[in-house]
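Peer 1: Predicted model, plus sequence, below.
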Amino acid sequence: MGIKLACIALQLVWSGTTSMKLTSTAFQHQQRIPAKYTCDGQDINPPLHIAEAPPAAQSLALIMDDPDAPRGTWVHWLVWNMDPKTSEIPEKSVPAGAAQGMTDFHRPSYGGPCPPSGTHRYFFKLYALDTKLNLPAKTDKNALEKAMEKHILARTELVGLYSR
């Protein structure tokens with residue numbers, strides 16, 4: 001009986017992690033990010049659309065990074081404490097009340113794709129959390145991920161590609 005209940009609970013958790021969606025009108029999953037949103041263009045964040053965040057979510061967090069960077073994963077954008085009812089992040093904006101952390105550009109704001117060579121993958125990872133995070137403005141990706149541990153209700157991602 002205990003194993004059956006554990007399986008049901010696992011199924012509920014698993015189904016909750018797969019329903020949230022992150023999309024963009026600027027590019028499709030696994031497709032090219034337009035230059036407008038890169039260092040070769042206006043270097044502004046692309047529009048993002050969020051759907052089906054879990055009802056129990058207290059906040060949303062977003063990490064954008066490039067695992068193909070020559071020196072290891074490069075952090076392009078960190079945003080947390082977004083209202084869980086957020087359905088859109090328009091281009092060149094951050095949701096009201098959200099906080100931004102320090103990127104590998106050494107600033108707390110979006111830094112677009114700017115690969116030195118080849119085609120890189122840019123992961124926009126969205127997390128629904130069961131809490132709001134109390135973090136300082138200089139928070140980096142490692143500290144954000146540590147603070148999110150054990151608070152993730154759902155996760156989804158959108159991957160864009162870019163080469164120069």
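Peer 2: Arrived safely.
Peer 1: where does this structure dip in pLDDT?
Peer 2: In the predicted model of the chain, residues 1-18 satisfy pLDDT under 70.
Peer 1: ranges for the strands of the protein?
Peer 2: Remark: strands assigned in the chain by DSSP state E are 21-23, 31-32, 48-51, 59-66, 74-82, 88-89, 99-100, 120-129, 152-162.
Peer 1: Kindly reformat those as a markdown table containing mean neighbour count and distance to residue 113.
Peer 2: Where C-beta positions appear, they are placed from N, C-alpha and C, glycine not excepted. Listed next are the strands of the chain as a markdown table, based on neighbours: other CB atoms under 10 Å; distance: least, CB to CB, whole Å:
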| stretch | mean neighbour count | distance to residue 113 |
| --- | --- | --- |
| strand 21-23 | 17 | 17 |
| strand 31-32 | 14 | 10 |
| strand 48-51 | 18 | 15 |
| strand 59-66 | 24 | 7 |
| strand 74-82 | 23 | 7 |
| strand 88-89 | 18 | 17 |
| strand 99-100 | 20 | 18 |
| strand 120-129 | 22 | 5 |
| strand 152-162 | 19 | 4 |
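Peer 1: Go through those and name the closest to residue 144.
Peer 2: strand 74-82 (5.7 Å; CB to CB).
Peer 1: Now do stretch 99-118: everything it contacts.
Peer 2: If you take CB atoms under 8 Å, 6 or more residues apart in numbering as the criterion, stretch 99-118 is touched by 33, 37-41, 43-45, 64, 66, 68-70, 74-81, 94, 120, 122, 133, 135, 137-141, 143-144, 160, 162-164.
Peer 1: Flag every buried residue along that stretch.
Peer 2: 99-105, 108-115 (16 or more other CB atoms under 10 Å).
Peer 1: Please give me every residue in contact with residue 38.
Peer 2: Contacts of residue 38 by CB under 8 Å, 6+ apart are 112, 113, 114, 162.
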